[in-house]
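> Next one to model:
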Amino acid sequence: MNFDFSEDEKMVSDQARRFLQDNCDFSVNRSVLEGGAGYDQKVWQGLADMGLLGATIPEAYGGVGAGYLSTCLVAQQVGAHLAPIPYSSTIYQVAEALIHFGTEAQKQQYLPAIAEGKLIGAMALVESMSELTRQNITTRYSDGKLNGKKLIVTDGGIADVALVLAATESGSTGLYLVDLTQAGVQRETVNTVDPSRDSATMSFTDVAAEPLGDAEDGWNQLQAIQDRAAVMMAFEQIGGAERALNMAVEYARGRFAFGRPIGSFQALKHMMADMFVALRLAESNCFYAAWALSTNSDDLALAAATARVSATQAFQLCARDNIQVHGGMGFTWEFDCHLYYRRSNYLTLQLGGLSVWESKLVDALPKGQVA
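Residues are numbered from 1 along each chain as shown. Below you'll find the predicted structure:
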């Protein structure tokens with residue numbers, strides 16, 4: 001079994017890396033973080049023009065059909081460069097939902113616009129600070145109308161369309177497509193740990209909505225979407241983790257104290273060794289999850305949870321200890337360490353917290369393997 005990427009896939013990764021190196025340095029992240037633009041349109045459109053937003057979208061719907069492995073590698077570069085764009089919500093979640101569960105008309109309407117960078121999507125799910133379950137969904141869908149409120153919707157302030165999780169009068173749960181330009185939609189910006197990623201609270205009052213495919217199976221659809229999204233987001237996380245580790249190593253080599261590089265001190269050696277081990281463990285889990293995703297393996301749920309948990313832990317560790325390696329300088333606004341720390345914490349919560357995915361990991365294990 002070969003878990004390596006093909007030359008074509010590596011070429012896609014290299015193209016994304018070079019584009020983001022030239023067009024998405026730390027000043028771009030800071031401009032969105034400090035300026036409140038929501039996202040960087042130049043970077044977003046540039047990826048669209050290169051065909052990278054449509055990598056997983058079939059050619060019949062305006063994409064390039066390059067597959068999931070290419071998208072995973074692009075996600076890794078997005079994470080490494082802290083790109084302030086709605087990539088995860090639009091590509092990992094909304095596009096995936098449409099590809100796998102949308103009607104033919106919905107695919108024709110939305111997928112080409114996503115591939116061209118003309119449409120931004122968002123997933124409106126949570127309504128309280130407790131864990132999302134079927135029982136605590138209060139948003140209601142009835143007679144083609146949606147009513148309710150969703151908290152902390154990633155890219156909710158800049159999205160054109162949202163997939164909203166709602167309950168029906170019959171007690172089932174569905175995902176519903178909503179055009180966010182309607183008068184009954186209200187949005188309020190939410191300040192989060194990472195302002196370079198747009199977040200908003202959404203309220204719906206008698207808003208027209210249409211079911212995503214089979215409206216009676218929305219909860220199971222959501223689980224499948226999140227498993228697939230978790231794999232791609234895990235690559236984004238290891239991209240950020242690796243960049244944070246490299247920042248720490250570079251600083252430790254160039255910073256001198258008592259006549260020697262600080263990287264030669266045992267405490268920092270151990271710290272960076274722990275960062276490296278966590279990253280490599282997460283990387284191996286991500287590679288297997290990418291294979292499971294690309295082949296639609298029966299192990300996808302387990303592989304996705306494993307990759308998500310290990311990538312989350314690696315990114316949080318590397319982002320935090322990168323600050324420690326930089327010492328007092330690392331805590332200042334002028335240094336870029338905090339940008340990775342912000343993003344690591346934001347991504348940890350975007351698909352549900354670490355405890356949620358640890359529970360999913362345990363549930364996905366074959367019977368008899370849990371003590």
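> Direction included, what does the helix or strand of the chain with the lowest mean pLDDT pair up with?
Counting by mean pLDDT, DSSP states H and E, the chain has its least confident helix or strand at strand 256-257, which shows a mean of 82. The strands that strand 256-257 pairs with in its sheet are strand 260-261 (antiparallel) (by DSSP bridges).
> what's the strand it pairs with in contact with?
Applying Cβ atoms under 8 Å, 6 or more residues apart in numbering, the external contacts of strand 260-261 come out as Ala252, Arg253, Gly254, Arg255. C-betas here are computed from N, CA, C, even on glycine.
> The same query, at a cut-off of 10 Å, please.
Tyr251, Ala252, Arg253, Gly254, Arg255, Leu268 (Cβ atoms under 10 Å, 6 or more residues apart in numbering).
> which parts of the strand or helix carrying the third one are buried?
The reference is to Arg253. Assigned by DSSP states H and E, Arg253 belongs to helix 218-254. Neighbour-count burial for helix 218-254 flags 218-219, 221-222, 224-245, 247-249, 251-252 (criterion: 16 or more other Cβ atoms under 10 Å).
> Next: stretch 268-276.
Using 16+ other Cβ under 10 Å as the test for burial, stretch 268-276 gives Leu268, Met271, Met272, Met275, Phe276.
> surely the third one meets Val325?
Yes - between Met272 and Val325 there is a contact under Cβ atoms under 10 Å: 6.9 Å.
> who touches both of those two?
Leu245, Ala248, Val249, Ala252, Gly263.
> can you tell me how far the third one sits from Ile262?
Going from Val249 to Ile262 by Cβ to Cβ, to the nearest Å gives 11 Å.
> list residues touching both of those two?
Shared contacts of Val249 and Ile262 (Cβ under 10 Å, 6+ apart): Leu268, Val325.
> Who are the contact partners of Ala304?
By Cβ under 10 Å, 6+ apart, the contact list for Ala304 reads 226-234, 285-286, 289, 292-293, 351, 357, 360-361, 364.
> try Pro58
Val64, Gly65, Ile99, Lys107, Leu111, Ala115.
> quick one: least confident of those residues?
Least confident of the contacts of Pro58 in the model: Gly65, at 88.
> Ramachandran angles for that one?
Dihedral angles of Gly65 (phi, psi; degrees, to the nearest 10) stand at phi 60, psi 40.
> List the residues that contact it.
Residues near Gly65 by Cβ under 10 Å, 6+ apart: Gly51, Gly54, Ala55, Thr56, Ile57, Pro58, Glu59.
> Pull up the gap between Ile99 and Ala167, please.
Separation of Ile99 from Ala167 (Cβ to Cβ) stands at 25 Å.
> Compare the two and say which is more crowded by neighbours.
Comparing Ile99 with Ala167 by other Cβ atoms under 10 Å, the one with more neighbours is Ala167, at 21 against 18.
> For the more buried one, which three-state class applies?
strand (DSSP: H, G, I helix; E, B strand; the rest coil).
> Skipping its backbone neighbours, what lies nearest it in space?
In space, and not counting its chain neighbours, Ala167 is closest to Ile137: 4.8 Å by Cβ to Cβ, 6 or more residues apart in numbering.
> got a list of what that neighbour touches?
Contacts for Ile137 (Cβ under 10 Å, 6+ apart) come out as 125-128, 148, 150, 165-167, 173-174, 218-219.
> Next up, phi/psi of it, please.
phi -90, psi 120.
> How many residues are close by Val74?
Neighbour count of Val74, defined by other Cβ under 10 Å: 32.
> From what I see, it and Ala55 are in contact.
Yes - counting by Cβ under 10 Å, Val74 does reach Ala55; the two are 6.5 Å apart.
> Find residues that contact each of these two.
By Cβ under 10 Å, 6+ apart, the residues touching both Val74 and Ala55 are Glu9, Val12, Ala16, Leu47, Ala66, Ile91.
> quick one: which of those sit in helices?
Taking DSSP state H as the definition of helices, the shared contacts of Val74 and Ala55 contribute Glu9, Val12, Ala16, Leu47.
> Kindly indicate the member of the residues you listed with the most neighbours.
Counting neighbours by other Cβ under 10 Å, Leu47 leads these with 27 neighbours.
> Just give the closest residue to it, not the sequence neighbours.
Leu53 (5.5 Å).
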